[in-house]
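Student: show me the folded form of this:
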Amino acid sequence: MGTTQLETVPEPKYWHLKTVLSEALDAEFSVGEILPNERDLAARFGVARATLRQALEQLELEGRLQRRRGVGTTVAPPRMGVAVGAAEHVWPGAVGDVWQPADCTRSVPPAAVARILETGADETVHTVRRMRVTHGQPVAVELLYIPASSVPDLSAIAAPSGPARARAVLRELQRLALESQDSAVELGSARADDAKVLDRLPGAPVLVVTTRFLAEGRTAAVSVATYRADTCRLTFGDSGGVEIHHDPERRAS
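Tutor: I've put the predicted structure just below:
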């Protein structure tokens with residue numbers, strides 16, 4: 001695409017530029033590719049750098065671009081579809097689960113989670129931390145809260161923490177017969193520790209998916225998964241779980 005001089009249009013200039021940039025992303029760039037610097041882009045499209053920054057910020061909000069510290073502005077990977085429809089009931093860590101265990105500790109869950117688990121005010125539970133990665137970048141983090149009553153035969157000599165401990169807890173949890181699960185989705189703000197993992201600023205918008213797993217007539221575990229709002233979209237249907245949606249018609253969408 002050659003140099004495009006923007007003519008007077010009824011919509012804001014940065015909004016029209018955003019459309020032009022989006023078309024250029026589809027035609028010329030691949031996922032993960034670094035964009036030219038702002039000065040070169042502004043010269044190419046014949047706009048002020050302030051106008052360019054507005055357009056780039058809008059594309060970042062829409063999930064088309066990512067600004068990575070120490071790297072620059074890159075083309076974002078496809079948005080991840082967070083399915084909230086009917087799903088096949090499976091335990092975390094089951095075959096085909098794409099989440100990566102990172103750690104497992106004993107801690108007191110947040111009050112809201114404790115109420116769902118019906119645990120005591122100061123009762124500790126197994127807290128498994130996992131990550132979801134796509135195109136080499138973390139796009140979601142999860143805290144999975146499991147009371148001791150759900151994994152009563154967990155070996156005392158298992159690893160005290162870390163990924164090995166997390167996998168041991170998940171294996172033990174899968175001994176229960178999962179009866180059902182339900183999920184709720186809400187818009188939230190990234191906590192400082194999650195923001196660091198997701199390469200976002202604290203307070204950045206995120207999607208929070210809370211899932212309750214039921215077995216033996218009670219809540220056996222609760223998952224609180226935090227997704228980058230700029231890289232995820234809600235999907236409704238019978239697919240279940242969390243799926244990566246690739247659009248073959250758009251290399252960088």
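Student: C-alpha only now, for contacts and for neighbours.
Tutor: Noted.
Student: how much space between Ala48 and Asp40?
Tutor: Separation of Ala48 from Asp40 (C-alpha to C-alpha, to the nearest Å) stands at 11 Å.
Student: could you chop this protein up by domain?
Tutor: Structurally, the chain divides into domains by the TED database as follows: 13-75, 80-236.
Student: need those in TSV (columns: mean pLDDT and mean neighbour count).
Tutor: As requested, the domains of the chain are exported to TSV (pLDDT from 0 to 100; neighbours: other C-alpha atoms under 10 Å):
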stretch	mean pLDDT	mean neighbour count
domain 13-75	88	17
domain 80-236	87	18
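Student: how close does the closest residue to Ala221 other than its chain neighbours sit to Val108?
Tutor: Nearest residue to Ala221, sequence neighbours excluded (C-alpha to C-alpha, 6 or more residues apart in numbering): Ile146, at 4.7 Å. According to C-alpha to C-alpha, Ile146 stands 11 Å off from Val108.
Student: what touches both of the two?
Tutor: Val125 (C-alpha atoms under 8 Å, 6 or more residues apart in numbering).
Student: so where do the helices sit in this structure?
Tutor: 13-28, 38-45, 49-61, 111-117, 162-173, 192-198 (DSSP state H).
Student: just checking, Glu142 touches Ala225?
Tutor: Yes: with contacts counted by C-alpha atoms under 8 Å, Glu142 reaches Ala225, the gap being 4.1 Å.
Student: can you pull the contacts of the nearest residue to Val98 once chain neighbours are set aside?
Tutor: Spatial nearest neighbour of Val98, excluding adjacent residues (C-alpha to C-alpha, 6+ apart): Arg132 at 6.9 Å. The contact partners of Arg132, taken as C-alpha under 8 Å, 6+ apart, are Val98, Trp99, Gln100, Pro138, Val139, Ala140, Val141.
Student: on that earlier part again, bridged to the residue nearest to Ala221, which residues?
Tutor: Under DSSP bridges, the beta-bridge partners of Ile146 are His126.
Student: against Thr226, how distant is it?
Tutor: 18 Å.
Student: now do Leu176
Tutor: Look at Leu176 and Thr226: by C-alpha to C-alpha, they are 26 Å apart.
Student: same thing with Leu17?
Tutor: 32 Å.
Student: do Leu65 as well
Tutor: From Leu65 over to Thr226 (counting by C-alpha to C-alpha), the distance is 20 Å.
Student: Asp116 is in contact with Thr219, isn't it?
Tutor: For residue 116 the amino acid is Ile, not Asp. Yes: between Ile116 and Thr219 there is a contact under C-alpha under 8 Å: 7.1 Å.
Student: who's in contact with Cys104?
Tutor: Taking C-alpha under 8 Å, 6+ apart, one finds His126, Thr127, Val128, Arg129, Ser161, Gly162, Pro163, Arg165, Ala166 in contact with Cys104.
Student: how about the third one, nearest residue that isn't a chain neighbour?
Tutor: Spelled out, it's Val128. Cys104 (4.3 Å).
Student: circling back: redo the contacts of Arg132 as JSON lines? Include distance to Leu61.
Tutor: Below are those laid out as JSON lines (distance: C-alpha to C-alpha, whole Å):
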{"residue": "Val98", "distance to Leu61": "26"}
{"residue": "Trp99", "distance to Leu61": "25"}
{"residue": "Gln100", "distance to Leu61": "27"}
{"residue": "Pro138", "distance to Leu61": "17"}
{"residue": "Val139", "distance to Leu61": "15"}
{"residue": "Ala140", "distance to Leu61": "17"}
{"residue": "Val141", "distance to Leu61": "20"}
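Student: list just the nearest of those to Leu21.
Tutor: For these, the closest approach to Leu21 (C-alpha to C-alpha) belongs to Val139, at 23.9 Å.
Student: ok, Val133 to Ala229 distance?
Tutor: Distance, Val133 to Ala229, by C-alpha to C-alpha: 14 Å.
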